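>>> Sequence and predicted structure, then a few things I'm wondering about:
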Amino acid sequence: MRENMLKKLVVVLGPTASGKTKMAVKLAKKFNGEIVSADSRQVYKGMDIGTAKPTKKERQGIRHHLIDIIKPNKEFNAAIFKKKAIGTIKNIQRRKRLPFLVGGTGLYIQTIVDNIEFPKVAPNKKLREKLEQKSVKELFRIYKKLDPKGIKEIEKDNKRRLIRAIEVSKISKKPFSEQKRKGKPLFNILEIGIKKSKEEIKKSVEKRIKKMFKMGLENEVKGLVKKYGRVPCLQTIGYQESSPEETSLHTLQFAKRQMTWFKRSKKIQWVKNYQQAKKLIRQFLL
């Protein structure tokens, strides 16, 4: 199917604290849109402050999908996300509205943009339990040996993703990165990236983290750990640090890795503000 015959989808991406949500809400208001979140942590119920989940006020009446859809102790991954996101996007299009896929989780966005087909390897409970005992650094070292090319494409502090990549590589006896295939395009896509300087991101991150601690991030973490234990999704930035300084440092390192991921794509059109994004969408919809 030719690209111009496919239904349209706008992607708004960028590193953490770049202002994606604010811009996407404004654009969705302007173009009769709804937002589909592509954030691997905002899917979890109760993980609100540490994931900078948009509040009701921040959503400004715009429908947001794939936020608060699963408990932290339940399995969720890129393959599950892809299935849910495609169904949601098509539903929005059926209702004659414009879907906006918004987030900073590069792999989740790529599953839709490149129609990634994942290896069908069943989970191995015994192997997972064994890997679960290891630290993120140990897991990264194991994965590096199994799939040297794949380490460029994985979030090295994402325990759940590392375990799955090791599991697939070990069981199939093939590197995980070689088993992800691109399928035919699903949608006619415009990818908009929010461009911010390192200084702007640093300032924005530090301001956000201070606000999170003021809002009660430590109590949120304690409550979640008490309820669910140290589940994999809580072994992530914002939920494992002990101070605002440490959280800011890890968040900035994460933002840098996000940008490295996004820079691999030549299809992303980078903008500095809402006006530039609005102009691109207008041209795209003509």
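Everything's here; your move.

>>> in a strand, that's where Ala79 is, yeah?
No. Counting by DSSP: H, G, I helix; E, B strand; the rest coil, Ala79 is located in no strand; its state is helix.

>>> Phe118 versus that one, what's the distance?
When Cβ to Cβ, to the nearest Å is the yardstick, Ala79 and Phe118 sit 5 Å from each other. To be clear about C-beta, it is placed using only N, CA and C from the backbone, and glycine gets the same treatment.

>>> swap in Ala85?
Applying Cβ to Cβ, one obtains 14 Å for the distance of Ala85 from Phe118.

>>> Those two: which is more packed in?
In this comparison of Ala85 against Phe118, neighbours counted by other Cβ atoms under 10 Å, the higher total goes to Ala85 at 24 against 16.

>>> Now that one: which helix or strand?
Element membership of Ala85, judged by DSSP states H and E, is helix 78-94.

>>> Now do stretch 111-118: distance to the chain's middle.
Relative to its parent chain, stretch 111-118 has a centroid offset of 14 Å by Cα atoms, centre = their mean, to the nearest Å.

>>> what comes up buried for that stretch?
Of all the residues in stretch 111-118, those buried under the rule 16 or more other Cβ atoms under 10 Å are Thr111, Ile112, Val113, Asp114, Asn115, Ile116, Phe118.

>>> same deal with stretch 188-207?
Buried residues in stretch 188-207, defined by neighbour count with 16+ other Cβ under 10 Å: 189-196, 201-202, 204-206.

>>> now the most centrally placed residue in the chain: how far from Asp39?
Nearest to the geometric centre of the chain sits Thr105, at 2.2 Å (Cα atoms, centre = their mean). Counting by Cβ to Cβ, the separation of Thr105 from Asp39 is 6 Å.

>>> And Ile62, by the same measure?
In this structure, Ile62 and Asp39 are separated by 16 Å, where distance is defined by Cβ to Cβ.

>>> which one of these two has more residues nearby?
Looking at Ile62 and Asp39 with other Cβ under 10 Å, you find the greater number of neighbours at Asp39, namely 23 against 17.

>>> Lys263: how many residues sit nearby?
Residues lying near Lys263 (other Cβ under 10 Å) number 11.

>>> do the one 4 residues further on as well
Applying the criterion other Cβ under 10 Å, we find 11 residues in the vicinity of Lys267.

>>> again with Met212
One way to gauge burial is a neighbour count; for Met212, by other Cβ under 10 Å, it gives 22.

>>> Just the pLDDT for it.
pLDDT, Met212: 97.

>>> thinking it is in contact with Asp48, fair?
No. Using Cβ atoms under 8 Å, Met212 makes no contact with Asp48, being 9.9 Å away.

>>> about what we covered before: helices or strands up against the helix holding Ala85?
Under the contact definition 3 or more Cβ pairs under 8 Å, 6 or more residues apart in numbering; DSSP states H and E, helix 78-94 sits against strand 8-13, strand 33-37, strand 98-103, helix 106-113.

>>> Could you dump the ones you listed into TSV and include distance to Leu249?
Supplementary listing: those in TSV, determined by distance: least, Cβ to Cβ, whole Å:
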stretch	distance to Leu249
strand 8-13	23
strand 33-37	26
strand 98-103	22
helix 106-113	21
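
>>> Can I get these in TSV including mean pLDDT and distance to Ser135?
Putting the helices and strands packed on helix 78-94 into TSV (pLDDT from 0 to 100; distance: least, Cβ to Cβ, whole Å) gives the following:
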stretch	mean pLDDT	distance to Ser135
strand 8-13	98	30
strand 33-37	98	29
strand 98-103	98	27
helix 106-113	95	22
